[in-house]
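1. Give me a model of this one.
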Amino acid sequence: MSSAIVYKNADAYSTFFRLPELIENLCLSLDNNDIFKLMQTNRTLCNAAAPCLWRNVDLNDDYRVEQLYTNNYKQSNDEPQKQDIDDSKKLVQTFAQLTYRTRSLKAGYAFMSYYLEGLHDVLDTEAEKNAPTRQNWISELRAKLFSKPIPLITRLHRLDVSLQRAAQPISRMSFFVDLKKAPPLIPRLFRFMTCNVDTLTDVHLRDVPFPTKVDIRHLCRTISRLEHLAHLTIDIPPVNNVTRLPLSVVPTIFFCCPPSLVSFKLNTTVRDNGDETSVVSLTPVEADADFEEGPVSLRPDPLPNLKVLKLPQHETGYRANLLYNILDHCPALEEWDVPFLYEDTEVAVLVSLLQHIENPETPERHLSALRHLHYTHPGADGKGETAAAIMEMMPKNQLQSLTFHGYEDTLPDALNTLGFTSCLMMHSTSLVSIKLQDMDRIQSKTIKHILTNCEALETLVLTCPETMLSRLTLEDATICDWTCVNLKELRMAVDLRRGYPKQNEMLERFYKQLGVLKNLEILDLMSACRINSKSAPYSDTTMTCMLSLGGPGGRSGFLSSLADLTNLRVLLGSFYHKNQEMKNMLGKDEVDWILENWPHLEMIEFFSSRDRIHASYPHIDALKRQRPNLQLFRKEKQ
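-> Numbers count the residues shown, from 1 in each chain. As a prediction, the model looks like this:
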């Protein structure tokens with residue numbers, strides 16, 4: 001596709017292959033960055049690909065909105081000038097002409113307010129149009145920028161909208177100063193969604209302001225009309241981290257979703273309903289703004305396609321009956337973010353309800369398709385009682401992934417035959433991913449059970465603020481061979497038993513165990529040791545002899561045991577070069593070995609992001625010269 005290629009009869013080629021149609025089909029598989037690169041190839045491809053940029057429109061950030069309407073990149077506190085207004089028409093007109101191509105829209109509060117205001121004749125009710133209180137909130141100067149509204153988009157597949165007003169006070173000189181007087185966004189937004197009822201499949205509403213009962217009913221009516229809706233995510237942050245929605249909102253929204261739904265995620269925190277005034281009524285009264293729209297209808301039948309379910313967290317925990325009523329509508333559920341229950345007795349009640357079979361002739365087990373469990377906010381259930389009960393009632397070797405935040409492993413399984421670990425091991429041959437993050441504590445024996453039984457495991461993440469409360473001992477690490485030889489990601493803390501008489505022998509066996517993991521791509525090993533009564537920071541300790549080839553004087557080194565880790569991309573943990581042990585370990589030979597044997601290495605944690613890397617580290621400098629893109633510190637999300 002280079003511009004250097006010249007065909008003798010270019011018009012014939014273009015006519016036969018219909019280049020714009022070919023490019024449009026190609027661009028369906030490209031993001032906007034790739035489309036930009038394609039446009040830079042030559043003029044013909046630029047003209048053919050340019051309209052495809054408007055298929056996926058991102059106007060989430062305010063600066064993008066200002067660029068759209070003013071066609072300039074100046075600071076937002078500058079007033080728009082007449083020339084800016086004239087120039088901006090080109091960009092806005094292009095968008096207006098190509099809205100029929102737009103299939104995905106990600107937008108913030110600013111764009112949606114301006115855009116939907118331009119469509120008020122289409123979206124507002126007659127009562128709203130004739131309301132005496134209605135006023136034009138856009139100033140006269142800026143009104144020229146919006147004199148020709150962008151047409152109504154009616155072919156959206158994906159809509160991702162933030163309803164959060166500016167977090168910081170808006171300057172008097174800001175381009176967005178008028179937004180302070182903008183009307184509520186929710187009514188128009190929901191009517192806009194209804195205009196895309198035939199195509200909309202994916203909706204994400206972010207930063208939804210604390211909704212009124214009328215807002216909830218508007219939402220329920222809207223989503224019930226979206227016959228093709230597959231993915232619904234709603235984020236409602238609490239007001240001042242205190243005010244919570246009443247529990248009645250959860251079933252009200254859930255039982256209004258259309259049968260086409262595949263995933264349902266409602267991210268917020270709810271409280272008990274309290275008095276009757278806090279319960280969301282499905283039938284508006286005459287004084288309500290939505291009275292003429294009539295009552296909200298609930299869906300009587302299950303959601304046959306729902307595979308992903310995430311309910312809000314509850315301040316004090318859910319009751320079993322409500323969870324059962326919701327789960328009873330999810331026969332195909334595969335992934336469940338489990339909220340914590342009110343008390344231990346509710347766990348037994350829920351399991352009993354789920355195990356009950358109403359018709360023995362056509363037995364249908366609840367959660368028969370469940371494959372993925374998440375406990376992102378376990379609350380008082382940190383010991384995993386609910387997780388154990390659900391894993392125990394599932395068919396054996398069905399669970400594929402488990403994510404658990406705040407796990408506390410206190411009782412050995414010998415004292416608790418149906419404990420968390422025992423129930424987890426019921427799925428030892430099917431588990432592909434185990435992530436126990438931000439733990440309070442885990443027994444070394446539990447880690448050993450996982451490493452020596454879960455043969456299909458590809459991801460094992462074990463993190464805890466106190467490494468001494470979550471470490472694998474060398475004895476448990478080396479007592480028998482690991483069966484999880486297909487690991488691609490391994491993160492854990494290890495107690496290297498410094499000063500133990502047989503430490504070198506166990507270290508050798510441990511590093512050989514690591515060397516068997518030929519598919520390993522991410523390795524995060526933290527050396528666990530104690531300073532006084534607390535765990536030492538992992539950056540102050542070192543994975544003894546791991547990155548050393550050994551040397552004269554009997555210096556131990558086990559780096560050669562890791563020669564088969566040719567797919568390794570990320571090495572994190574206790575490898576900080578500031579430690580004397582690490583400085584003694586890493587030399588020219590080790591750097592040459594790393595360059596030769598780990599060709600895909602992208603990141604190795606020699607420093608923190610705050611450290612200054614200077615010329616006093618010649619071997620590190622040599623490594624960077626050979627691999628200039630190599631990251632030498634842990635990124636925030638790593």
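2. Show me where the stretch 401-550 of the chain dips below the pLDDT cut-off.
-> Under the criterion pLDDT under 70, the flagged ranges of the stretch 401-550 of the chain are 411-418, 499, 531-533.
3. Mind jotting down where the helices sit in it?
-> Here the stretch 401-550 of the chain has its helices, by DSSP state H, counting those that start in this stretch, at 420-424, 444-453, 474-478, 503-515.
4. Which among those is found nearest to residue 339?
-> Residue 339 sits nearest to helix 420-424 of all the helices of the stretch 401-550 of the chain, at 17.6 Å, using Cβ to Cβ. Using the backbone N, CA and C atoms, a C-beta is placed for each residue, glycine as well.
5. May I have that closest one as PDB, with CA atoms only?
-> These are the backbone C-alpha positions of helix 420-424, laid out as PDB (Å, rounded to 0.1, in the frame of the first residue of the first chain):
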ATOM      1  CA  PHE A 420     -12.000 -23.200  51.900                       C
ATOM      2  CA  THR A 421      -8.900 -25.100  50.700                       C
ATOM      3  CA  SER A 422     -10.600 -28.500  50.700                       C
ATOM      4  CA  CYS A 423     -13.500 -27.200  48.600                       C
ATOM      5  CA  LEU A 424     -11.000 -25.400  46.300                       C
END
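6. Quick check: which helices or strands does it pack against?
-> Packing partners of helix 420-424 (3 or more Cβ pairs under 8 Å, 6 or more residues apart in numbering; DSSP states H and E): helix 385-393, helix 444-453.
7. let's go with 7 Å and repeat that
-> Here helix 420-424 touches helix 385-393, going by 3 or more Cβ pairs under 7 Å, 6 or more residues apart in numbering; DSSP states H and E.
8. Show me which parts of the helix it packs on are buried, residue by residue.
-> 385, 386, 387, 388, 389, 390, 391, 393 (16 or more other Cβ atoms under 10 Å).
9. Stretch 333-351 now?
-> Applying 16+ other Cβ under 10 Å to stretch 333-351 flags 333-342, 346-347, 349-351 as buried.
10. Could you do stretch 548-557 as well?
-> 548, 549, 557.
11. and the last one, that one's in a helix?
-> Just to be clear, that refers to residue 557. No - applying DSSP: H, G, I helix; E, B strand; the rest coil, one finds residue 557 to be coil, outside a helix.
12. OK, contacts around it?
-> 545, 548, 549, 550, 551 (Cβ atoms under 7 Å, 6 or more residues apart in numbering).
13. The first one reaches residue 506, doesn't it?
-> No - in terms of Cβ atoms under 7 Å, residue 545 does not count as a neighbour of residue 506; the distance is 11.5 Å.
14. related to what we said a few turns ago, next step: the buried residues of stretch 333-351 restricted to strands.
-> 335, 336, 337 (DSSP state E).
15. gap between the second one and residue 354?
-> Meaning residue 336. 12 Å (Cβ to Cβ, to the nearest Å).
16. ditto for the first one
-> Note on residue 335: its distance to residue 354, by Cβ to Cβ, is 16 Å.
17. Who has more neighbours out of residue 545 and residue 506?
-> Applying other Cβ atoms under 10 Å to residue 545 and residue 506 shows that residue 545 carries more neighbours, namely 22 against 18.
18. And the more buried one, how close does it get to residue 352?
-> For residue 545, the distance to residue 352 - Cβ to Cβ - is 54 Å.
19. Same check on residue 559?
-> Taken as Cβ to Cβ, the span from residue 559 to residue 352 is 55 Å.
20. So these two - more neighbours on which side?
-> residue 559 (21 against 12).
21. right, and that one touches residue 549 too?
-> Yes - between residue 559 and residue 549 a contact is recorded at 5.1 Å, counting by Cβ under 7 Å.
22. which among the ones in strands among the buried residues of stretch 333-351 gets closest to residue 314?
-> Distances from residue 314 to those, taken by Cβ to Cβ, are shortest for residue 337, at 12.7 Å.
23. quick revisit: farthest-apart pair in the buried residues of stretch 333-351, please.
-> Maximum distance among the buried residues of stretch 333-351 (Cβ to Cβ): 25.9 Å, for 334 and 342.
24. Give the bridge partners for residue 607, please.
-> Under DSSP bridges, the beta-bridge partners of residue 607 are residue 633.
25. any idea how far residue 123 is from it?
-> Distance from residue 607 to residue 123, by Cβ to Cβ: 55 Å.
26. got any ranges where the stretch 251-400 of the chain has weak pLDDT?
-> 274-278, 357-364, 378-380.
27. What segments of it are helices?
-> Under DSSP H, counting those that start in this stretch, the stretch 251-400 of the chain gives helices at 320-327, 344-355, 385-393.
28. among those helices, which is nearest residue 537?
-> helix 385-393 (30.3 Å).
29. by contact count, what packs against the closest one?
-> Here helix 385-393 touches helix 344-355, strand 372-375, helix 420-424, going by 3+ Cβ pairs under 7 Å, 6+ apart.
30. Tabulate the ones you listed in CSV, adding columns for distance to residue 456.
-> Listed next are the helices and strands packed on helix 385-393 as CSV, based on distance: least, Cβ to Cβ, whole Å:
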stretch, distance to residue 456
helix 344-355, 26
strand 372-375, 14
helix 420-424, 13
